[in-house]
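Visitor: Sequence and computational prediction follow.
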Amino acid sequence: MTTLLSPQALARIDHEIAKYPADQKQSAVMAALAIAQDEKGWLAGLRDRFVGRALSLLHARPAHPWTVEALGREVGLSRSALAQRFTGLLGQPPMQYLARWRLQLAARQLRGGDVPLAVVAEDVGYESEAAFNRAFKREFGVPPATWRRAGAEVPANGAAAPA
């Protein structure tokens with residue numbers, strides 16, 4: 001099961017909820033939400049107006065030739081402000097996040113069919129099959145063709161919901 005909060009945050013939430021009697025569940029939920037808002041990660045990024053919009057764009061158009069500058073223009077922040085906010089909330093810069101997201105999409109596509117590798121690479125935004133092969137092997141430890149033959153599963157801790 002994938003969670004959007006860290007184990008430490010979940011433990012803090014459980015501890016906080018246990019303090020409240022059964023008839024005060026609304027107060028317990030509000031306390032839990034306050035703890036969750038202090039968290040960093042994908043959920044925190046979605047809550048941020050600028051980073052949430054950037055995530056939405058990256059997920060909607062992963063093959064687009066994004067730059068941090070272009071993404072910043074789209075969301076209304078400078079390149080450096082977006083990079084700082086994104087990294088602060090998600091723990092990785094926008095282009096690193098995008099690269100991992102693209103590879104997750106490719107892994108799913110490879111698992112589910114026999115589309116040629118060059119087409120998969122292009123579908124997720126790589127201009128060359130060689131660059132795609134190198135990036136895929138770096139992320140998953142095996143080349144895409146080996147991944148496909150093995151029928152490998154996409155890891156639960158992949159780019160779709162980076163920690």
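Guide: Done, it's in. Source: prediction; values computed, not measured.
Visitor: Which residue is most remote from the mean position of this protein?
Guide: When distances are taken from the C-alpha mean of the chain, Asp23 lies farthest, 37.2 Å away, according to Cα atoms, centre = their mean.
Visitor: What values do phi and psi take at that one?
Guide: phi -80, psi 0 (degrees, to the nearest 10).
Visitor: same check, this time on Tyr126
Guide: According to degrees, to the nearest 10, Tyr126 has phi -90, psi 140.
Visitor: I'd like the distance between it and Gln84.
Guide: Distance from Tyr126 to Gln84, counting by Cβ to Cβ, to the nearest Å: 27 Å. All C-beta atoms are positioned from the backbone trio N, CA, C, and that covers glycine.
Visitor: So the two - more neighbours on which side?
Guide: Tyr126 (23 against 13; other Cβ atoms under 10 Å).
Visitor: residues contacting the more buried one?
Guide: Shown in contact with Tyr126 (Cβ atoms under 8 Å, 6 or more residues apart in numbering): Arg102, Phe132, Ala135.
Visitor: what do you get for Gln109?
Guide: Here Gln109 is in contact with Val115, Val120, Asp123, Val124 (Cβ under 8 Å, 6+ apart).
Visitor: Show me what secondary structure element comes after the helix or strand that contains it.
Guide: Taking DSSP states H and E as the criterion, Gln109 maps to helix 94-111. Once the chain leaves helix 94-111, the next helix or strand it forms, by DSSP H and E, is helix 117-123.
Visitor: and that following helix, how far out from the chain's middle?
Guide: 21 Å (Cα atoms, centre = their mean, to the nearest Å).
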